[in-house]
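# predicted model and sequence follow; I will ask about them next.
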Amino acid sequence: MEEGFQKMFLEPSLKEMSEGLNDVMKQMDDYCNGKKLEEVVNNLEALIIHGDPESQDLPKAVPPKNLSKASHVSMLGQSVAAYCTTLGPSHLRKLTTRIISDTTLWMSRIFRFDDSSAYYHNDDREGLVRVCRLALNAKYEKFATEGFNALYTKPPIIYISAASRPGLGQFVCTQLGLPLSSLCTVPCNTMFGSQHTMDIATLERLIKDDEGSSKTPLLVVANAGTPLAGHTDNINRLRAICDDYGVWLHAEGHNLSTLALSTVPSSILAAKRVNSMTISPGVWLGLPGTPAVTLYKTADPAMSLAAGLCSSQIQERLCCLPLWLSLQHLGYDGIVQKLKHAADLSQHMSQRLHSIGAINIAEKQEKKQQTIQYEGSLTDVVRKVIQVLSQVDVVSPVVVFRYEDPHGPGLDKAPYANDSSDDTSNHTLALPKPIVNAFNTWLGTELNKRIPEVGIDVVDLETDGVCLRFSPMQSAPYNGTSADDIDNFVECLKQLLTVLNYSNEQRPGFQEAVECRENLIYVDIQSHGGLGVVQFVPEYVSSNKNEEQNKKELIKLNGELVQRLQAGETGALYFAVPTEAETVAVGVGMVNPGTDLDEVVDLIWVTGKELEDSSKFLETMTDLVLKGIEEAQKELEKENENKLIEEGVLRQIPIVGSLWSWYSPPPKEAQIKGRALNLSSGALESTENTYKYHMQVQQDKPTTPTRKTAPRRKTPSTTPTPSVDGDHSSSEKPLQKRDLEETPMEDGQVGDGLVNSHPESGNSSTTGTTTRH
C-alpha cells in the first residue's frame, strides 16, 4: 500500500517541484548572463498588453487612440530628463534653475496667478501638504525648531468641505503628523445654494468656536469644481472670512482651468485672490507623465525652503522638464485652444441634454452669477467685450445629469436641480430611488459601450444618488472627443431612453405575467435595473420543510436556469441576481419596444420545468435504486439463512464440507438465486432466467405510464413558447432517460436499467446495459 501511495501522490508532487526548480534556476541563469534586447522588449510588450504573460485569458489593454504630438513631446521630455541627470552638478544646477524659472513664469501668467512661486509634484495631494507646512511655519514661529511642542497649546485646525475628495484630509494629517482632531469637515449647504458647495455660515461659526476653544484656525480648502458634481464654492466670501481671521486659503479643482480662457466666470475669477492653488495642466492638456503644479504666494523664501516647497534634489526638480517642453511646443494659443475646446464640449453637451430635459447640476451657480469681471487696460477691456459678444459665457467644464422621471419624454428635471424659478418642492418620484439608481447605472454602462469616445463616468452623489458625469477636461484629450461625438452620444441616449422607458412601463405587466405562472415567484429587488427578477421554485422544494436543503436546491436550480437561458439567442437579457434570502434568482434586463412579455416569461417557465423534471427524475431513480438494493440484500440474507438450514452444518466445515459435497452433491435448485431491479416498473425480479437463457428477459409487459402534463397557465393559449438555444420544441424534443424507461418492451426484448444481485458475493450492483454470455 505504501508503494501505491508513493506512486500516486509523492512521485507526481516531487516531479512537479523538480520542474519548477528547473525553471527558476533557468531564469536565474538568464538574469546572470543577461538577455537580448529584443527578448526584453517582447516581455515588456506582453506585460503591457496582458498584465501577466502567463495569463492570456485576461482582457488586453486598450491603448489611447488619440495621442497628440504634444503628448509625444511630453513622453520624450521624460527621457531627456533622465539623460540630463548624467551631466555635471554645476551645469545641471544651472539647467534646472532655468527650466523651473521659465515654467513657473508661464504657469503663473497663463492661469492669472502673478508673482507666485511653484512647486512641482507627481502626487496631486502633496502640494496641499507642503502648503499646510508653510502655513504652520507662518502661524507658529517656533514650529521649525520645536515641532509638535509648538502646536500643543493651541492645536491647528484644517477646514475641508464635505464635498472634497474622500480621504484628502486624512492624508494631510498623516503626512504632517497631526491628529485627526485637527481636521474639521465643513458640511455643504442644505437650505440655500448648491447642495455640493461649502456652507459659508457654518464655516464662520466653526472658526469662531475654535478660536474660543484655544485652537488655531490654520487653512481652508476651497473647491473650484467639486470632484463629482463640479460645483464651485463661494471663493469671494471665503476670502473675506479668511482675511478676517488670518486663515490661509487654498483652492483646487478642474474649474481652475478656465482661468486660462479669455472669458472667465466671476466665481472662478475670484480664485486669483487665494493664497495658493493646485492645478493639473498635464490632465487638462493631455500630457502624460507631467507633474501637478502648486502655485503659492509668500514673502519669505526661507519659509518655503523650510516647508519643502523648494526641493534641493536636482533630480526631483527636473520633473518639470516634460511640462517645459510641451508648453513651448503648444504655445499660449495652443494651450488656450485645448482648454476652450473642452469647455465648448461641455457647453455643447449641456445644450443638447437640455433639449431632452437633462439637468446640468454643475451650472446652477453659473446661472445665478452672470456678471463677468474684466481687468487690464482700456484696449484689453474693449477686446474682451467683443469676445463676449461673439461667444457664450463659459460654463462649468463638468456636466452631470440623471434619468429621473419615467413618465416624462426622457431625462426630466431632477429634484436636486437648485433653480428658484422652477417648482421642485412638489416633485415626487414615481419609482423608488434604488430603482432609479439602477436605471442610471445601466444607462451609463450602455453609453460607454456604444460611444466610448465621450467617456461618461457613473458617480454616486450622497444627496442625489447615481448620476452620469461628463468631464471633458479629464477625458477629451485622450479620447479625442469632438462635437460630432456629442451629437452621436445624444442620439444614442435617446434610443436608450426609449428602451428604458418601455421597460419601465412594462414592469407591472411583467410582474403580473410572472404571478400567473405556477412555480414562478416575482422577487422584489429595488436595486435591479430591468423588467424584474424571477425565481423558479420547483414543486418538490415547496413541499420540503428543510430550509437549508431548499436554499441549496434553489441556488443550484436557478443557477443552471440562468446558464441555459444565457446560451440562447436572447442570452444577454438574463443574468443571475442574488436575493436577500441568500439564494439565486433570474434577473431580466431591458427589452426593446414590442417585446412580448409572455414569451419572455414562458421561456423561463419552460426551461425551469425541464430542469425540474430532470432533477426529479434523478432524485426518483436514486430513491428507487437505493430501495431496491436494500430489498435485494434482505431477500438474499433470508435465502442464505434458509440454505444453511437445508444443507446442514457438515457442508459448512471447510474440509468435511468439500468431501460431503463430492460424495452427495447439492441439488441445483438449492442454490441462491440473484435479484434484478427493473427500473421501469420498480419491482425486484429473479435472475434465474437470466443465467438460464444467458440474457435479461422482460417477464411481464409493463404498462406505459402517462406523463404528467404541465399546469395550464392563466395566459392566452395563442402565445407561442420560445425555445432555448440548444433545445428543441416539444415535437422534436431529444430522447431522455425517462422516455426510455417509459417505453414498453415486448416479450423476449432486452430490458434496460436492471440492478443485478449476484449470489456469489451477496451484494447488489447496478447495470444499465444488457450482457449476453
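Yes, it's here.
# could I have stretch 569-586 exported to CSV, CA atoms only?
Taking Å, rounded to 0.1, in the frame of the first residue of the first chain, the C-alpha atoms of stretch 569-586 are listed here in CSV:
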residue,chain,number,x,y,z
GLU,A,569,-30.4,33.7,-28.8
THR,A,570,-31.5,36.3,-26.2
GLY,A,571,-28.9,35.3,-23.6
ALA,A,572,-27.8,38.8,-22.9
LEU,A,573,-31.2,39.5,-21.5
TYR,A,574,-30.8,37.2,-18.5
PHE,A,575,-28.3,37.2,-15.6
ALA,A,576,-28.0,35.8,-12.1
VAL,A,577,-29.2,38.1,-9.2
PRO,A,578,-28.5,37.3,-5.5
THR,A,579,-31.6,37.7,-3.3
GLU,A,580,-32.0,38.7,0.3
ALA,A,581,-32.6,35.1,1.3
GLU,A,582,-29.1,34.3,0.1
THR,A,583,-30.4,32.4,-2.9
VAL,A,584,-30.1,33.0,-6.7
ALA,A,585,-32.8,34.4,-9.0
VAL,A,586,-33.1,35.2,-12.7
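# next one: Pro291 relative to Ala483, how far apart?
Between Pro291 and Ala483 the distance is 31 Å, computed by CB to CB, to the nearest Å. The C-beta positions use only the backbone N, C-alpha and C, and glycine is treated the same way.
# who has more neighbours out of these two?
Pro291 (25 against 13; other CB atoms under 10 Å).
# find the nearest non-adjacent residue to that one, please.
Closest residue to Pro291 apart from its sequence neighbours, by CB to CB, 6 or more residues apart in numbering: Tyr120 at 4.4 Å.
# would it be right to say that the one you found lies in a helix?
No. Judged by DSSP: H, G, I helix; E, B strand; the rest coil, Tyr120 forms no part of a helix; its state is strand.
# is it true that it touches Leu295?
No. Counting by CB atoms under 8 Å, Tyr120 does not reach Leu295; the two are 10.6 Å apart.
# who are the packing partners of the host helix or strand of His348?
If you go by DSSP states H and E, His348 is part of helix 321-354. Counting contacts by 3 or more CB pairs under 8 Å, 6 or more residues apart in numbering; DSSP states H and E, helix 321-354 packs against helix 69-84, helix 89-110, helix 281-285, strand 399-401, helix 472-479, helix 483-505.
# let me see the mean pLDDT of the longest helix seen in the chain.
Assignment by DSSP state H gives helix 597-647 as the longest helix of the chain. For helix 597-647, mean pLDDT rounds to 75.
# now stretch 312-322
The average pLDDT for stretch 312-322 rounds to 85.
# any regions of the stretch 651-773 of the chain where pLDDT drops low?
For the stretch 651-773 of the chain, the stretches flagged by pLDDT under 70 are 651-652, 656, 660, 663, 666-673, 675-685, 688-773.
# re earlier: as CSV, the helices and strands packed on helix 321-354 with mean pLDDT and distance to Thr258 would be great.
Shown next, in CSV, are the helices and strands packed on helix 321-354 (pLDDT from 0 to 100; distance: least, CB to CB, whole Å):
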stretch, mean pLDDT, distance to Thr258
helix 69-84, 91, 20
helix 89-110, 93, 12
helix 281-285, 93, 10
strand 399-401, 88, 14
helix 472-479, 89, 9
helix 483-505, 90, 19
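# need the ones you listed in CSV with distance to Val62, can you?
Listed next are the helices and strands packed on helix 321-354 as CSV, based on distance: least, CB to CB, whole Å:
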stretch, distance to Val62
helix 69-84, 16
helix 89-110, 32
helix 281-285, 19
strand 399-401, 24
helix 472-479, 11
helix 483-505, 17
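# tell me, how many residues neighbour the residue nearest to Pro291?
Using other CB under 10 Å, the number of residues around Tyr120 comes to 23.
# now do the contacts for it.
Tyr120 makes contacts with Ile100, Thr103, Pro291, Ala292, Val293, Arg317, Cys319, Cys320, Leu323, as judged by CB atoms under 8 Å, 6 or more residues apart in numbering.
# repeat that with 6 Å
Residues near Tyr120 by CB atoms under 6 Å, 6 or more residues apart in numbering: Pro291, Val293, Cys319, Cys320.
# for these, which one is nearest Leu611?
Nearest to Leu611, judged by CB to CB, of these is Pro291 at 59.1 Å.
# which pLDDT value goes with the closest one?
pLDDT, read off for Pro291, is 94.
# ok, it - contacts?
Taking CB under 6 Å, 6+ apart, one finds Tyr120, His121, Asn122, Cys319 in contact with Pro291.
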